[in-house]
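Q: turn this into a structure:
(one chain, ligands or ions: 1)
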Amino acid sequence: MKLWGGRFTKETDQLVNQFNASISFDQRFYKQDIRGSVAHVTMLAKQGIISEEDKTAIIDGLNGILNDIESGSLKIDDTQEDIHSFIEAVLTERIGEPGKRLHTGRSRNDQVALDMKLYTRDEIIEIDSLVYELMCVLIDIMEKNTETFMPGFTHLQKAQPITLAHHMGAYFEMFKRDRQRLSDIYKRMNYCPLGSGALAGTTYPLDREYTAELLDFYGATLNSMDSVADRDYLIELLSALSTIMMHLSRFSEEIILWNSNEYKFVEIDDAYSTGSSIMPQKKNPDIAELVRGKTGRVYGALMSMLTTMKGIPLAYNKDMQEDKELTFDAFDTVKGCVNLFTGMMKTIQFNADVMEKSTRHGFTNATDAADYLVNHGVPFRDAHGIVGQLVLFCIDKNIALDDMTLEEYKAISPVFEEDIYDAISIKTCVDKRITIGAPGKDAMDKVITLNKDYLKANKTIV
Ligand code: ARG
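A: Prediction:
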């Protein structure tokens, strides 16, 4: 059934029907469409626009449709134009006359704006809870690894010693910001467009505040043209989702490196690895690679959405129907990636001894050797030069700074004494870094406590 056949004298071309239809993808918000319609007719009856009997018949009819779709006894007919037409058609077929009153004082423009917001709101909560679970796994790794030493890198060159807890903690902070972004977006978008009509409101005495309240919005939107034409919240959200993916992608890249034969910092669990069809020895980090790869897809959705919206005059235009497929794909992609990544991190093994050995053999304590000299009165620039000579000496002999004899130290600078070994031990190097945010155990323990409090106080974003 078409909702708009009246003024036409010819059938629509079959290809036009197919090109125009959105039911293949908007059927996923049937539940939100029904919820919106129930709120709308409840309000229509309260305002005396339809009778109480019609309201009851419509609501019962809609609930019946909802049950039948969920039980599988009512198949969504994809020859219909969209989910709105489908539900209205089935309702009218089932309850007759009252069904035809459902759309009083409403347009598909405010209806679809509402459905998309209701659906998106639920998705934000779900994505947020998945990020939350990942953060719980990370805090667990952090708690257990405040003394698991590893090299910190800059330019992918070993730089200074850190701990695994500190490294994981960096991602923890990123995901915390990601959740804050989701929360901000939720708060900004949570106003109800229903009652805006096609673009200019309606002449019926609708109570928009009432429907907004029934649907758990903070209130009604304040401009009917903007209400049907606004997709800003999707753009913001796709940007936030792109940032989540960027974080996951960087994390994936590190896991892939750490899992390589050259690093061997981690061992991905068999359940989260894949093999090669030809090389029997292979155990590949496909999950991390796929997460890294799928990041491009979510960025693509953001760029598509921005480009689609850039030239659209007010108010509703059919271009906006394009918001759905790419947004839904981004939701599915992000949920899949966060979920799989969490499973991978929950089961991954860290090779603490390999990490520590790598820390020792990369001169990550060179800065601390220079600081030792500074503490003994040598100007920093001179100390930097002296330690440079030590490093050169070690490279030549293929040893670590810790392996040099005191005589060898003294030959380069007489300032060195026996306590140099303690000063440059990896544990000392890390433990001396005590400012908040640094890897030293005391500082890290404080941050872990703060972050555990955060997790307790922020289980959900709303
Ligand atoms: N399927 C349409 C969309 O997703 C619903 C709104 C249709 N409105 C219209 N005026 N044709 O945007």
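Q: checking my notes, Val90 in a strand, right?
A: No. Using DSSP: H, G, I helix; E, B strand; the rest coil, the secondary structure at Val90 is helix, not a strand.
Q: helices of the stretch 1-150 of the chain, residue ranges please.
A: Here the stretch 1-150 of the chain has its helices, by DSSP state H, counting those that start in this stretch, at 14-20, 23-26, 30-46, 52-71, 83-95, 108-144.
Q: check which helices and strands the last one sits against.
A: What that stands for is helix 108-144. helix 30-46, helix 83-95, helix 164-189, helix 224-229, helix 232-258, helix 323-347, helix 441-457 (3 or more C-beta pairs under 8 Å, 6 or more residues apart in numbering; DSSP states H and E). (Each C-beta comes from the backbone N, C-alpha and C, glycine too.)
Q: which among the ones you listed is found nearest to Val137?
A: Closest approach to Val137 among the helices and strands packed on helix 108-144 is made by helix 323-347 (5.0 Å; C-beta to C-beta).
Q: buried sites along the closest one?
A: 323-324, 326-331, 333-335, 337-338, 340-345 (16 or more other C-beta atoms under 10 Å).
Q: what's the helix or strand following it in contact with?
A: Sequence order places strand 349-350 as the next helix or strand after helix 323-347, per DSSP states H and E. Here strand 349-350 makes contact (C-beta atoms under 8 Å, 6 or more residues apart in numbering) with 141, 145, 148, 164, 265-267, 269.
Q: recalculate using a threshold of 6 Å.
A: 164, 266-267 (C-beta atoms under 6 Å, 6 or more residues apart in numbering).
Q: which of the residues you listed are buried?
A: Applying 16+ other C-beta under 10 Å to those flags 164, 266-267 as buried.
Q: pLDDT and distance to Ser249 added to these, as JSON lines?
A: Formatted as JSON lines, those follow (pLDDT from 0 to 100; distance: C-beta to C-beta, whole Å):
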{"residue": "Leu164", "pLDDT": "98", "distance to Ser249": "20"}
{"residue": "Val266", "pLDDT": "97", "distance to Ser249": "17"}
{"residue": "Glu267", "pLDDT": "95", "distance to Ser249": "21"}
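Q: and the helices of the stretch 1-150 of the chain: which comes nearest the ligand?
A: Comparison of the helices of the stretch 1-150 of the chain against the ligand by C-beta to the nearest ligand atom identifies helix 108-144 as nearest, at 4.0 Å.
Q: what's the average pLDDT for the closest one?
A: For helix 108-144, mean pLDDT rounds to 98.
Q: quick one: that helix to helix 232-258, angle?
A: For helix 108-144 against helix 232-258, the angle by axes from the mean of the first three to the mean of the last three C-alpha atoms, to 10 degrees is 30 degrees.
Q: what angle sits between helix 108-144 and helix 323-347?
A: Using the same axes, to 10 degrees: helix 108-144 against helix 323-347 is 10 degrees.
Q: is the ligand within reach of helix 108-144?
A: Yes. If you take C-beta under 6 Å from any ligand atom as the test, helix 108-144 does meet the ligand, through 108-109, 112.
Q: repeat for stretch 177-197
A: No. Contact between stretch 177-197 and the ligand is absent, the nearest approach being 11.0 Å (criterion: C-beta under 6 Å from any ligand atom).
Q: if we check the ligand, which of the buried ones among the contacts of strand 349-350 are in contact?
A: With C-beta under 6 Å from any ligand atom as the criterion, those include none near the ligand.
Q: show the pLDDT at whichever residue of the stretch 301-450 of the chain sits closest to the ligand.
A: Going by C-beta to the nearest ligand atom, the ligand is nearest to Gln321 of the stretch 301-450 of the chain, at 3.6 Å. With respect to pLDDT, Gln321 scores 98.
Q: show me what contacts it?
A: Each residue near Gln321 by C-beta under 6 Å, 6+ apart is listed here: Ser22.
Q: phi, psi for Ala315 please.
A: phi -110, psi -100 (degrees, to the nearest 10).
Q: what's around it, how many residues?
A: By other C-beta atoms under 10 Å, 19 other residues sit near Ala315.
Q: who are the contact partners of it?
A: Ala315 neighbours (C-beta under 6 Å, 6+ apart): 199, 225, 228-229.
Q: tell me where the model's unsure across the stretch 251-400 of the chain.
A: Nowhere does the stretch 251-400 of the chain drop to pLDDT under 70.
Q: what ranges do the strands span in it?
A: With DSSP state E, counting those that start in this stretch, the ranges of strands along the stretch 251-400 of the chain come out as 266-267, 349-350.
Q: and the last one, which strands flank it?
A: Paired strands of strand 349-350, with direction, are strand 266-267 (antiparallel) (DSSP bridges).
Q: low-scoring stretches of the stretch 1-150 of the chain, by residue?
A: Those would be 1, if you go by pLDDT under 70 across the stretch 1-150 of the chain.
Q: residue numbers of it in contact with the ligand?
A: So far as C-beta under 6 Å from any ligand atom goes, the stretch 1-150 of the chain lies against the ligand at 22, 26, 82, 108-109, 112.
Q: quick one on the thing from earlier: want to throw the helices and strands packed on helix 108-144 into a markdown table with distance to Leu306?
A: Shown next, in a markdown table, are the helices and strands packed on helix 108-144 (distance: least, C-beta to C-beta, whole Å):
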| stretch | distance to Leu306 |
| --- | --- |
| helix 30-46 | 25 |
| helix 83-95 | 26 |
| helix 164-189 | 16 |
| helix 224-229 | 15 |
| helix 232-258 | 6 |
| helix 323-347 | 11 |
| helix 441-457 | 32 |
